[in-house]
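Enquirer: need a 3D model of the sequence below.
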Amino acid sequence: QVQLVESGGGLVQAGGSLRLSCAASSTFTFLTIGWFRQAPGKERDFVAGISWSDGSANYADSVKGRFTISRDNTKNTVYLDMTSLDPEDTATYYCAAALDPFRRRPSTSTKYTYWGQGTQVTVSS
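Expert: Next comes the predicted model:
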């Protein structure tokens, strides 16, 4: 069982930055933490994922070069640093955990077992 708690969302102007945090109650080697986002009336989309074991990461094309995912092993926390934010980035952001022994860092939400409650990010134009 892994419990996840997101924080760091808020209101920011276009072009601004935010850092989201995802604190995990426990971690283990074969774990991937992913960030997803969901805007009203839209599907939940993959944003970024990171393998807990080696820190390898992957990103959705829409955020490459603007968002960075990282982890702090000492704090059991994964971060999502978001820069050059655009109103299209407005959504509820969720972190999720998947058992991922082969470090595939899946981008499909159904591969993730544990989910946080979400944090709202609003980017104004």
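
Enquirer: make it CA atoms for all contacts and neighbour counts henceforth
Expert: OK.

Enquirer: so what's Ser56 up against?
Expert: The neighbours of Ser56, taking CA atoms under 8 Å, 6 or more residues apart in numbering as the test, are Ile50.

Enquirer: grab the nearest non-local neighbour of the spatially most central residue of the chain.
Expert: Taking CA atoms, centre = their mean, the centroid of the chain lies closest to Trp35, which sits 2.1 Å from it. Nearest non-adjacent residue to Trp35, counting by CA to CA, 6 or more residues apart in numbering: Cys95, 4.5 Å away.

Enquirer: okay, and that neighbour sits in which element?
Expert: Of the helices and strands defined by DSSP states H and E, Cys95 is found in strand 91-99.

Enquirer: wait, the residue nearest to Trp35 sits on Gly116?
Expert: Yes: the pair Cys95 and Gly116 passes the contact test of CA atoms under 8 Å, sitting 5.6 Å apart.
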